[in-house]
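Novice: generate a structure from the sequence data that follows.
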Amino acid sequence: MILSFISIKFLDIIDILLVAFLLYQLYNLIKGTTALKIFIGIALIYLVWLFVKAMRMELISSILGQVIGVGMIALIVVFQQEIRQFLLILGNKYVKRGSFKFIRYSRLQSGYSTNSIEYLAQAAMEMSLTKTGALIVISREASLKSFTEQGEILNADINIQLLKSIFYKDSPLHDGAVLIDNNKIYAAKCILPVSTNTELPTDFGLRHRSALGMSEISDTLTVVVSEQTGKISVAREGKIYRLTSNERLSKIISSFLRRTDD
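Specialist: All right, here's what the predicted structure looks like:
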């Protein structure tokens with residue numbers, strides 16, 4: 001056979017599959033962002049370097065080799081936010097409050113009650129009617145402590161009037177997000193990471209980008225109430241969508257908290 005000199009071992013196949021998996025995950029992480037174009041440019045330079053190296057073009061090969069060597073450091077600098085997001089995604093997916101989570105569950109998590117879910121949904125609906133802008137992050141198992149540095153810790157019971165008063169336009173806590181954790185209003189006035197996704201609808205503002213950014217790096221459900229339109233949107237797993245008139249927010253929150261993982 002013409003290719004009989006090529007020896008492919010089982011570990012080579014595993015190696016190829018792992019590289020393909022990592023590239024696929026990286027693509028999912030940066031698609032729709034400006035980082036994707038930068039990544040494609042670097043990949044093209046690397047392919048050209050491999051080609052000129054194979055053709056024994058020593059001068060250009062040496063120059064491109066130096067560029068790629070320095071480029072690895074530049075790559076870390078340019079993609080530091082994406083690398084951080086990727087590591088956070090891995091951590092939030094497989095680590096459950098300090099322990100590895102490969103177990104299955106179907107009950108309401110972290111002590112959430114049916115009443116709490118109804119209060120969250122009702123508060124969002126009432127703020128929607130008055131076009132009160134709101135940003136509510138609900139955690140199932142992901143730790144939210146790192147997002148409270150510039151916020152105010154409350155640790156209050158979930159209450160409709162309290163949520164509405166937090167997001168009232170003259171309230172000192174209305175800017176930023178409310179974090180819901182362990183069946184409590186854990187903190188308010190929290191700053192969330194902003195998504196750089198370029199494919200969002202033009203009428204999605206900073207709250208929506210923050211909700212999407214949070215969903216890209218953590219296993220949370222974020223509810224957004226638009227101040228301009230009063231419409232409710234939900235962000236989860238790097239995606240955000242508006243609720244339709246026949247969708248019940250309480251059912252979406254309950255489904256998120258009851259979701260079964262492997």
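
Novice: surely E237 touches S215?
Specialist: Yes - applying CB atoms under 8 Å, one finds E237 in contact with S215, separated by 6.0 Å. C-beta here means a position set from N, CA and C on the backbone, and glycine is covered the same way.

Novice: pick out whichever of the two has more residues nearby.
Specialist: Ranked by neighbour count (other CB atoms under 10 Å), E237 and S215 place S215 first, with 23 against 13.

Novice: convert stretch 162-169 to PDB, retaining C-alpha atoms only.
Specialist: Extracted in PDB, the C-alpha atoms of stretch 162-169 (Å, rounded to 0.1, in the frame of the first residue of the first chain):
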ATOM      1  CA  LEU A 162     -38.200  43.200  48.600                       C
ATOM      2  CA  LEU A 163     -37.200  42.300  45.100                       C
ATOM      3  CA  LYS A 164     -39.400  45.100  43.700                       C
ATOM      4  CA  SER A 165     -38.000  47.600  46.100                       C
ATOM      5  CA  ILE A 166     -34.400  46.600  45.200                       C
ATOM      6  CA  PHE A 167     -35.000  47.300  41.500                       C
ATOM      7  CA  TYR A 168     -37.000  50.500  42.100                       C
ATOM      8  CA  LYS A 169     -35.300  53.200  40.000                       C
END
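
Novice: measure G176 to I166 for me?
Specialist: G176 sits 10 Å away from I166, going by CB to CB, to the nearest Å.

Novice: report the set of residues contacting both of the two.
Specialist: Shared contacts of G176 and I166 (CB atoms under 8 Å, 6 or more residues apart in numbering): A188.

Novice: show me where the stretch 1-150 of the chain has its strands.
Specialist: For the stretch 1-150 of the chain, the strands defined by DSSP state E, counting those that start in this stretch cover 95-96, 99-100, 134-139.

Novice: just the mean pLDDT for the second one, thanks.
Specialist: Okay, so that is strand 99-100. In this model, strand 99-100 has a mean pLDDT of 45.

Novice: list the residues that contact the residue nearest to I160 when sequence neighbours are not counted.
Specialist: Spatial nearest neighbour of I160, chain neighbours left out: A123 (4.6 Å); criterion: CB to CB, 6 or more residues apart in numbering. Contacts of A123 were listed using CB under 8 Å, 6+ apart, and they are 134, 160, 163-164.

Novice: cool, and E126?
Specialist: 160, 164.

Novice: same check, this time on M125
Specialist: Residues near M125 by CB under 8 Å, 6+ apart: 232, 249.

Novice: from F204, how far off is it?
Specialist: Distance, M125 to F204, using CB to CB: 20 Å.
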